[in-house]
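Participant: the sequence isn't on hand, but the structure is:
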């Protein structure tokens, strides 16, 4: 699938998932997002860009951290996600938070060297042209500015990973053909270095995805997650079949208190080159 078509799949898919996303994933992603925010260490008055912001689970605390003298621009390819961020910003009176519909590789409206900090929490795996996205992040950073990316880790350490082959067996969704690539070994660090970032450090953390019962696990996986577009096209019989297969795949993680599905995250921080130098293309 070419990059333009894959971006369309992502946009429509996350539009479908937007309403159910937080119910299925807010608690499960909290550890990775907390580590990203810790590494980001946003300060009052800073200018921040949060790429692939989703519903704003990272954008909102960043806006609170920079305060009214700072600014956070949250971008996402999904218009439905952006609507939710705008609503949340208004609800919490975070007037310093602006939400803009834009893809990670196409930040043309953002000027060069405009931001102190760029973040992307668990969105980079879905970007079809990773090098372009990293290049754009580097371009918009001020000299010596910092970037923090969080991605899912090794496939073997993510107990929910069978969701992709289960769905692809029914329809070639190609929603994220290389989903776990960036979390394998030092791939993310290497790609950041190739984009021109320096002084890169990384954290790899293990976590658990808690779901109270079968219904919660299914809703997160199929309705609020990356396969939502393909799942929306399934008839009732197909949905019943994929539910059964997925529950079988996560059965080893069922406890008396519900599912505790293992997951792994990789969080990397880097810096743009100092004044007088430029990022690599």
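Facilitator: Okay, I see it. The model shown is predicted, which means the values in this text are computed figures rather than measured ones. Residues are numbered from 1 along each chain as shown.
Participant: list the buried residues for stretch 257-272?
Facilitator: Buried residues in stretch 257-272, counted by 16 or more other Cβ atoms under 10 Å: 259, 261-272. The way it works is simple: take the backbone N, C-alpha and C, and place the C-beta from them, glycine included.
Participant: from these, which land in helices?
Facilitator: Among these, no member is found in helices (DSSP state H).
Participant: wait, which of the residues you listed is closest to residue 157?
Facilitator: Set against residue 157, the nearest of the buried residues of stretch 257-272 by Cβ to Cβ is residue 264 (3.9 Å).
Participant: quick check: the closest one vs residue 257, distance?
Facilitator: Distance, residue 264 to residue 257, by Cβ to Cβ, to the nearest Å: 21 Å.
Participant: I figured residue 6 hits residue 105, correct?
Facilitator: No: taking contacts as Cβ atoms under 8 Å, residue 6 lies outside contact range of residue 105: 10.9 Å.
Participant: name the residues contacting each of those two.
Facilitator: Listed as contacting both residue 6 and residue 105 by Cβ atoms under 8 Å, 6 or more residues apart in numbering are residue 128.
Participant: follow-up on the earlier one: turn the buried residues of stretch 257-272 into a markdown table, including pLDDT.
Facilitator: As requested, these are exported to a markdown table (pLDDT from 0 to 100):
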| residue | pLDDT |
| --- | --- |
| 259 | 97 |
| 261 | 97 |
| 262 | 97 |
| 263 | 96 |
| 264 | 97 |
| 265 | 97 |
| 266 | 97 |
| 267 | 98 |
| 268 | 98 |
| 269 | 98 |
| 270 | 97 |
| 271 | 96 |
| 272 | 93 |
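Participant: among these, which are in strands?
Facilitator: Those of the buried residues of stretch 257-272 mapping onto strands are 259, 261, 262, 263, 264, 265, 266, 267, 268, 269, 270, 271, per DSSP state E.
Participant: grab the nearest non-local neighbour of the third one.
Facilitator: The spatial neighbour of residue 262 that comes closest, neighbours along the chain excluded (Cβ to Cβ, 6 or more residues apart in numbering), is residue 159 at 4.5 Å.
Participant: check contacts around residue 89.
Facilitator: Residue 89 sits next to 56, 59, 60, 63, 95, 97, 99 when contact means Cβ under 8 Å, 6+ apart.
Participant: now do it against residue 25, distance only.
Facilitator: Separation of residue 89 from residue 25 (Cβ to Cβ): 20 Å.
Participant: and the strands in the stretch 151-281 of the chain?
Facilitator: Assigned by DSSP state E, counting those that start in this stretch, the strands in the stretch 151-281 of the chain fall at 198-211, 254-255, 258-271.
Participant: need the mean per-residue confidence for the second one.
Facilitator: Confidence over strand 254-255 (mean pLDDT, whole number) is 98.
Participant: helices and strands around it, which ones?
Facilitator: Strand 254-255 sits against no helix or strand, with contacts defined as 3 or more Cβ pairs under 8 Å, 6 or more residues apart in numbering; DSSP states H and E.
Participant: run the last query once more with 10 Å
Facilitator: Counting contacts by 3 or more Cβ pairs under 10 Å, 6 or more residues apart in numbering; DSSP states H and E, strand 254-255 is packed against strand 198-211.
Participant: and of the ones in strands among the buried residues of stretch 257-272, the nearest to residue 116?
Facilitator: So of these, ranked by how close each gets to residue 116 (Cβ to Cβ), first place is residue 271, at 10.9 Å.
Participant: quick check: bridge partners of that closest one?
Facilitator: residue 146, residue 198 (DSSP bridges).
Participant: what about residue 187, neighbour count?
Facilitator: 16 (other Cβ atoms under 10 Å).
Participant: excluding chain neighbours, what is closest to it?
Facilitator: residue 181 (6.0 Å).
Participant: what residues are up against that neighbour?
Facilitator: Counting by Cβ atoms under 10 Å, 6 or more residues apart in numbering, residue 181 touches 125, 130, 151, 152, 155, 187, 188, 191.
Participant: and the residues you listed, which are buried?
Facilitator: The neighbour-count test (16+ other Cβ under 10 Å) marks 125, 130, 151, 152, 187, 188, 191 as buried among the contacts of residue 181.
Participant: and the gap between the residue nearest to residue 187 and residue 270?
Facilitator: From residue 181 to residue 270 the distance is 18 Å (Cβ to Cβ).
Participant: contacting residues for residue 32?
Facilitator: Contacts of residue 32 were listed using Cβ under 10 Å, 6+ apart, and they are 58, 121-122, 150-153, 203, 205, 207, 263-267.
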